[in-house]
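Trainee: pasting the sequence and the predicted model now:
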Amino acid sequence: MSTPVQATIRIPLRWRDMDMLGHLNQAVYHEFLEEARGALLESLPDMEHFPFVLVRVELDYRSEVRRELGHVDVTAAVERVGRTSITVAHDMLKPDGTVAASGRSVLVAWDPRARGARPLTDGERGALGG
């Protein structure tokens, strides 16, 4: 069984990340997932310039995140490698390990010239564990 391709980053919580109720603003969750996806791709050989478009995000909010927690850890892991796309699983964890949010994102490989989807290369598939 192969080791999953994943990255985990620690993100400090800032006052500006909070909403009027004192918990993490729902839009900021998506920023944090984006940071984790970026860290994942940057950690892979020859993938730091992987052009893609985000075509789907699903996110389940499971536990309140308040600023006094100090930080959250966000994991992005390649869950599936398709012909033109990858599915990335996400978890956002509180310092005590409680899952604050979980979900998935689908990224489609992008051809900037053709302005459309393109098949993943063999090199990209290998780097992504597919």
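Mentor: Structure's in. What do you need? Numbering: from 1, shown residues only.
Trainee: show me what the strand ranked longest in the chain is packed against.
Mentor: For the chain, the longest strand by residue count, based on DSSP state E, is strand 99-111. The contact analysis (3 or more Cβ pairs under 8 Å, 6 or more residues apart in numbering; DSSP states H and E) places strand 99-111 against helix 26-43, strand 52-61, strand 71-81, strand 85-93, strand 116-117. (Glycine included, C-beta is placed from N, CA and C.)
Trainee: looking at the ones you listed, which is buried most?
Mentor: Mean neighbour count (mean count of other Cβ atoms under 10 Å) peaks for strand 85-93 among the helices and strands packed on strand 99-111, with a mean of 21.
Trainee: what's the angle from that one to strand 71-81?
Mentor: Using axes from the mean of the first three to the mean of the last three Cα atoms, to 10 degrees, the direction of strand 85-93 lies 160 degrees away from that of strand 71-81.
Trainee: just the mean pLDDT for strand 85-93, thanks.
Mentor: Across strand 85-93, pLDDT averages out at 97.
Trainee: what does stretch 61-74 give?
Mentor: Stretch 61-74 carries an average pLDDT of 97.
Trainee: how far off centre is that stretch?
Mentor: Centre-to-centre, stretch 61-74 and its host chain are 16 Å apart (Cα atoms, centre = their mean, to the nearest Å).
Trainee: quick one: residues in contact with that stretch.
Mentor: 8-15, 17-18, 22-24, 26, 29, 32-33, 35-36, 90-95, 98-102 (Cβ atoms under 8 Å, 6 or more residues apart in numbering).
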